[in-house]
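Asker: Generate coordinates for the sequence data below:
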Amino acid sequence: MTSHGVQPRQLRRWRLASWALLLLGLTSCSQRFPALLRQDPAAPAQEIVQAAESGDPRLTPGLLRILHSWHEGDRSQAAAARVVTASIALAERGDLVAVGALIQLADDPNEALRVAAAEALGLLGGAQAEDCLERLARADPSLQVRRRARQARNVAA
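Answerer: Next up is the predicted model:
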């Protein structure tokens, strides 16, 4: 299982299927990502994972909405899994607009979300991300978060 809760075999299957459909021209963005385009914070995990592969900028607001929904009160385990997956998707897409939301996520009491934020900030890089990673590596109460932040700083450097 990956750090964001998706089975590697399942992730490969989703990626292969999405690429096959794209190559065949059988789907449009609105067909592949209806929940993200509606900015639905309960978007299916498969859609979020596939968004990481897509370079379509129309998906960024939907992914950011998922991050913000956590701070608006949906604290379920399913919501946490979506937030982790969306964080990694935004980072893999190189969406620098996500840095502010990820820094806010890095202060969350949920350890898994702080780990995901550290990983995503490490992938995105930049001065703000580096400052946040430094703070997490030095002062986070969780040993796992401190380790991941140090590893992420090495990736960002």
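Asker: Isn't residue 150 up against residue 137?
Answerer: Yes - Residue 150 is within contact range of residue 137, at 4.6 Å (criterion: Cβ atoms under 8 Å). From N, CA and C alone the C-beta is placed, and that goes for glycine too.
Asker: Can you find the helix or strand of the chain with the lowest average pLDDT?
Answerer: Taking mean pLDDT, DSSP states H and E as the measure, the chain has helix 8-24 as its least confident helix or strand, at a mean of 51.
Asker: Could you pull out the buried residues of the helix or strand harbouring residue 101?
Answerer: Secondary-structure element containing residue 101, defined by DSSP states H and E: helix 99-105. Neighbour-count burial for helix 99-105, with 16 or more other Cβ atoms under 10 Å as criterion, is recorded at 99, 101-103, 105.
Asker: The helix or strand following it - what's its average pLDDT?
Answerer: Scanning forward in sequence from helix 99-105 by DSSP H and E, the next helix or strand is helix 111-124. In this model, helix 111-124 carries a mean pLDDT of 92.
Asker: Whichever helix or strand comes after helix 111-124 to helix 111-124, inter-axis angle?
Answerer: Along the chain past helix 111-124, the next helix or strand (assigned with DSSP H and E) turns out to be helix 127-139. Between helix 127-139 and helix 111-124, the angle formed by their directions is 140 degrees, by axes from the mean of the first three to the mean of the last three Cα atoms, to 10 degrees.
Asker: list the contacts for residue 137?
Answerer: The neighbours of residue 137, taking Cβ atoms under 8 Å, 6 or more residues apart in numbering as the test, are 146, 149-150, 153.
Asker: give me the number of residues near the spatially closest residue to it that is not a sequence neighbour?
Answerer: Of all residues not flanking residue 137 in the chain, residue 149 sits nearest, at 3.9 Å (Cβ to Cβ, 6 or more residues apart in numbering). In terms of burial, residue 149 registers 27 neighbours under the definition other Cβ atoms under 10 Å.
Asker: Pretty sure residue 149 sits against residue 143.
Answerer: No - counting by Cβ under 8 Å, residue 149 does not reach residue 143; the two are 10.8 Å apart.
Asker: Show me what stretch 50-62 is in contact with.
Answerer: For stretch 50-62, using Cβ under 8 Å, 6+ apart, the contacting residues are 14-15, 18-19, 29, 32-33, 35-40, 43, 63, 88-90, 92-93, 95, 97-98.
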